[in-house]
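1. Let's see this in three dimensions:
(chains A and B)
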Number of protein chains: 2
Amino acid sequence: MEKTLIFGHKNPDTDTICSALAYADLKKKLGVNAEAARLGTVSKETQFALDYFGVQAPELIETVGSDIKEVILVDHNEFQQSVDNIRDVRIAEVIDHHRIANFETKEPLSFRAEPVGCTATILNKIYKEKGVAVSKEIAGLLVSAIVSDSLLLKSPTCTKEDVDAAYELAELAGVNLETYGLEMLQAGADLSDKSVTDLLTMDAKEFSMGEAKVEIAQVNAVDTNAIYKFQDDIDTEIAQIIKDKELDLFLFVVTDILNNDSEVLALGSGKAKVEQAFDVSLDANNRALLKGVVSRKKQIVTALTDAFTK
Amino acid sequence: MEKTLIFGHKNPDTDTICSALAYADLKKKLGVNAEAARLGTVSKETQFALDYFGVQAPELIETVGSDIKEVILVDHNEFQQSVDNIRDVRIAEVIDHHRIANFETKEPLSFRAEPVGCTATILNKIYKEKGVAVSKEIAGLLVSAIVSDSLLLKSPTCTKEDVDAAYELAELAGVNLETYGLEMLQAGADLSDKSVTDLLTMDAKEFSMGEAKVEIAQVNAVDTNAIYKFQDDIDTEIAQIIKDKELDLFLFVVTDILNNDSEVLALGSGKAKVEQAFDVSLDANNRALLKGVVSRKKQIVTALTDAFTK
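-> Next up, the predicted model:
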């Protein structure tokens, strides 16, 4: 029986991993020979969720093998965030909550994007539409994804649907949303064993904005200063990434999960666009505090795209 | 109250017009200040359906006005098929059944594409999901759209969902599907008053295939020879279009609605790709009969894209 592979984006976050696992679970229950996969390392935050609910991480893949009939993308659609040979495979379906860009198919497909805070929220709905019960483990994964993407329901990307789904799923999973959520976020914000390379790559995404090539890396932290004390090393490494990838801008976003602000570092020929986009001045270290900014998708990518295309 | 404008593609066909009207009807019933619009002339086939069910055509627009808060695209997503200022407006939603390409947004949106034969089939489902009854007039428009896109359920794009929806909607509309459907298709295939320009533009769509720019015009006919007796004029006019739009290929597809074949005419530097895509030889008049080919989307665009990107 031919296999359908389900995976999220590179540099997987909790929504990407948990949504791939959950949708594979649902597809299997619907009789499809589906399997989840991942395109990168499992983060500490995600591992906390997987361990808590006793679920194994999906298998790591580099490219889609020739034995795969078709793939389903969850939590992303932009090809540069997907598997390297995405243009050579048949995309049967997409379930996503991001903007749509740099995506194309030769044939019609199922594409379901909704402007909610988390792919898991859409999946929770699809379980209901298909009349399949969500197991305790899957509920745990889905609520973890919502906590992660919404920073415990505090991100501006979080909608009423996400909030309702989070409470409903927490109950199914047998956890207290606030207690479990904060524990999971703190597990993810433990950066003590990370190298500078880790910090800059563990949740980095590349975007095309007008003619510009922009990479935005984001980490959650409880103490932003603890990270910036290595700024010299960070600067050197970003300069190399910019050169290697011919980027116009690299934006490093350190999000304070307790105060819900972000301290950003902007390097590259396009760094003035950051000042323009957020109406701030970069200091002598090329840094600025973006008050109330926690969402790369809703607050950073949109404002920067505007600045680059205006 | 700010307005939401709903429209389908340029060179509107029956699915595009009827889906815009139906979705505006549903949105209004859900409390949205929605209005349907169209980006071109109403075809004879579509006019037949509108007259039959006593519905007025949507208003013609050239561009989206500044009073419009947001737009909803039905039956298309590729920007070159949409309104000229599509990049300057907020796209709130897309309902479509085509491949996805040349589409991008800055922000997340609702995007619902399903690989069915007709947008109207998806709309029929959305009425049910929202618990809104389909009126007799709207049922008439939706069944007309399905008949049109599926050539009375004969196109390879037609799925079981389309067939089921067509019979269900025909009953709601109070018509016999076969009798009404053939009457409507024949009204559309009456090309006696069309100029060569009309034939080449009334249902023409432009596509990017790899590096190539391709335009494909399709007309339904009961007698393909009646059209090709004007081939000299057709050739001259296509040559001009190729020059003006810098096309690599113009493919004119005359689909025989009684025999379900298409007689095509290929001009432009890329015309050999047609031979390659369909394993045929163009005759001295640059024409070939494509047996069993009736669907631009499923049979022509896919095969040609393959040929241009291989």
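2. Just give me the neighbour total for the residue nearest to A:Gly268 when sequence neighbours are not counted.
-> Nearest non-adjacent residue to A:Gly268, counting by CB to CB, 6 or more residues apart in numbering or on different chains: A:Leu249, 4.2 Å away. Every C-beta, even on glycine, is put in place using the N, C-alpha and C of the backbone. When neighbours are counted by other CB atoms under 10 Å in any protein chain shown, A:Leu249 registers 24.
3. Can you tell me the element the nearest residue to A:Val280 once chain neighbours are set aside falls in?
-> Sequence neighbours aside, A:Ala288 is the residue nearest to A:Val280 in space, at 4.2 Å (criterion: CB to CB, 6+ apart). Element membership for A:Ala288 (DSSP states H and E) is strand A:287-290.
4. what's the burial count for A:Leu30?
-> Under the neighbour criterion other CB under 10 Å, A:Leu30 is assigned a count of 11.
5. Next: A:Gly54.
-> Other residues within reach of A:Gly54, judged by other CB under 10 Å, total 9.
6. give the contact list for it.
-> A:Glu137 (CB atoms under 8 Å, 6 or more residues apart in numbering or on different chains).
7. do you know how far it is from chain B?
-> 32 Å (CB to the nearest CB, to the nearest Å).
8. same deal with A:Leu267?
-> With distances taken as CB to the nearest CB, A:Leu267 is found 23 Å from chain B.
9. cool, and A:Ala49?
-> Between A:Ala49 and chain B the distance, using CB to the nearest CB, works out to 23 Å.
10. Work out for me the element the residue lying closest to that residue once chain neighbours are set aside sits within.
-> Using CB to CB, 6+ apart and skipping residues adjacent in sequence, the residue nearest A:Ala49 is A:Ser144, 3.6 Å away. When secondary structure is defined by DSSP H and E, A:Ser144 falls within helix A:136-150.
11. Would you mind writing the CA trace of that helix as PDB?
-> As requested, the backbone C-alpha atoms of helix A:136-150 are provided in PDB (Å, rounded to 0.1, in the frame of the first residue of the first chain):
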ATOM      1  CA  LYS A 136      -5.800  11.700  25.300                       C
ATOM      2  CA  GLU A 137      -2.300  11.600  23.800                       C
ATOM      3  CA  ILE A 138      -3.400  13.500  20.600                       C
ATOM      4  CA  ALA A 139      -5.300  16.000  22.700                       C
ATOM      5  CA  GLY A 140      -2.100  16.500  24.700                       C
ATOM      6  CA  LEU A 141      -0.100  17.100  21.500                       C
ATOM      7  CA  LEU A 142      -2.700  19.500  20.100                       C
ATOM      8  CA  VAL A 143      -3.000  21.600  23.300                       C
ATOM      9  CA  SER A 144       0.800  21.800  23.500                       C
ATOM     10  CA  ALA A 145       0.900  23.100  19.900                       C
ATOM     11  CA  ILE A 146      -1.600  25.800  20.800                       C
ATOM     12  CA  VAL A 147       0.200  26.800  23.900                       C
ATOM     13  CA  SER A 148       3.400  27.100  21.900                       C
ATOM     14  CA  ASP A 149       2.100  29.100  19.000                       C
ATOM     15  CA  SER A 150       0.000  31.400  21.200                       C
END
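12. buried ones in stretch A:205-223?
-> By 16 or more other CB atoms under 10 Å in any protein chain shown, the buried positions in stretch A:205-223 come out as A:205-207, A:209, A:212-221.
13. Tell me how far it lies from the chain's centre.
-> Relative to its parent chain, stretch A:205-223 has a centroid offset of 11 Å by CA atoms, centre = their mean, to the nearest Å.
14. Need the distance between the two termini of that stretch.
-> Counting by CA to CA, to the nearest Å, the length from the leading to the trailing residue of stretch A:205-223 is 23 Å.
15. Ok, stretch A:49-69 next?
-> Looking at stretch A:49-69, the gap from its leading to its trailing residue is 30 Å under the measure CA to CA.
16. Past the strand holding A:Ala288, which element shows up next along the chain?
-> Sequence-wise, the next helix or strand beyond strand A:287-290 is helix A:302-309, with elements assigned using DSSP H and E.
17. Now do the contacts for the residue nearest to A:Gly268.
-> Applying CB under 8 Å, 6+ apart to A:Leu249 gives the contacts A:212-215, A:266-271, A:273-274, A:304.
18. Helices of the stretch 51-200 of chain A, start to end?
-> Ranges of helices within the stretch 51-200 of chain A are A:119-130, A:136-150, A:160-173, A:177-189, A:196-201, based on DSSP state H, counting those that start in this stretch.
19. list the buried ones in the last one?
-> By neighbour count on 16+ other CB under 10 Å, the buried set for helix A:196-201 is A:Val196, A:Leu199, A:Leu200, A:Thr201.
20. got JSON lines for these, with pLDDT and distance to chain B too?
-> Shown next, in JSON lines, are the buried residues of helix A:196-201 (pLDDT from 0 to 100; distance: CB to the nearest CB, whole Å):
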{"residue": "A:Val196", "pLDDT": "95", "distance to chain B": "31"}
{"residue": "A:Leu199", "pLDDT": "94", "distance to chain B": "27"}
{"residue": "A:Leu200", "pLDDT": "96", "distance to chain B": "25"}
{"residue": "A:Thr201", "pLDDT": "93", "distance to chain B": "25"}
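21. any residue of the lengthiest strand in chain A up close to chain B?
-> Among the segments of chain A that qualify as a strand by DSSP state E, the longest is strand A:212-221. No: Strand A:212-221 lies out of reach of chain B by CB under 8 Å from any CB of the partner chain, never closer than 13.1 Å.
22. strands paired with that strand, and their directions?
-> When pairing is defined by DSSP bridges, strand A:212-221 lines up against strand A:204-209 (antiparallel), strand A:249-256 (parallel).
23. Which residues outside the first one are in contact with it?
-> Residues lying outside strand A:204-209 but in contact with it, judged by CB under 8 Å, 6+ apart, are A:9-11, A:78, A:80-81, A:101-102, A:213-218, A:245, A:247, A:296, A:301, A:304-305, A:308-309.
24. who in the stretch 51-200 of chain A is up against chain B?
-> The interface of the stretch 51-200 of chain A toward chain B, taken as CB under 8 Å from any CB, is made up of A:97-116.
25. among those residues, which ones are buried?
-> Using 16+ other CB under 10 Å, the buried ones in these are A:97-101, A:103-109, A:111-116.
26. where's A:Lys128 relative to A:Thr121, distance?
-> With distances taken as CB to CB, to the nearest Å, A:Lys128 is found 12 Å from A:Thr121.
27. Quick check: bridge partners of A:Ser208?
-> A:Ser208 forms beta bridges with A:Lys213, as assigned by DSSP bridges.
28. Local confidence estimate at it?
-> Among the per-residue scores, A:Ser208 holds a pLDDT of 90.
29. Then the one 4 residues further on?
-> In this prediction, A:Ala212 carries a pLDDT score of 95.
30. swap in A:Leu289?
-> According to the predicted model, the pLDDT of A:Leu289 comes to 97.
31. Leaving aside the residues adjacent along the chain, what's closest to it?
-> Among residues not flanking A:Leu289 along the chain, A:Glu263 sits closest, at 5.4 Å (CB to CB, 6+ apart).
32. thought the one you found was touching A:Asn285?
-> No: when contacts are counted by CB atoms under 8 Å, A:Glu263 is not listed as touching A:Asn285 (10.2 Å).
33. quick one on the thing from earlier: residue contacts, the residue nearest to A:Leu289?
-> Residues touching A:Glu263, when contacts are defined by CB under 8 Å, 6+ apart, comprise A:Thr224, A:Tyr228, A:Val254, A:Asp256, A:Arg287, A:Ala288, A:Leu289, A:Leu290.
34. any chance of these in TSV, with distance to A:Ser19 and neighbour count too?
-> Converted to TSV, the contacts of A:Glu263 look like this (distance: CB to CB, whole Å; neighbours: other CB atoms under 10 Å in any protein chain shown):
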residue	distance to A:Ser19	neighbour count
A:Thr224	29	18
A:Tyr228	32	16
A:Val254	25	24
A:Asp256	26	17
A:Arg287	33	17
A:Ala288	32	20
A:Leu289	32	15
A:Leu290	27	20
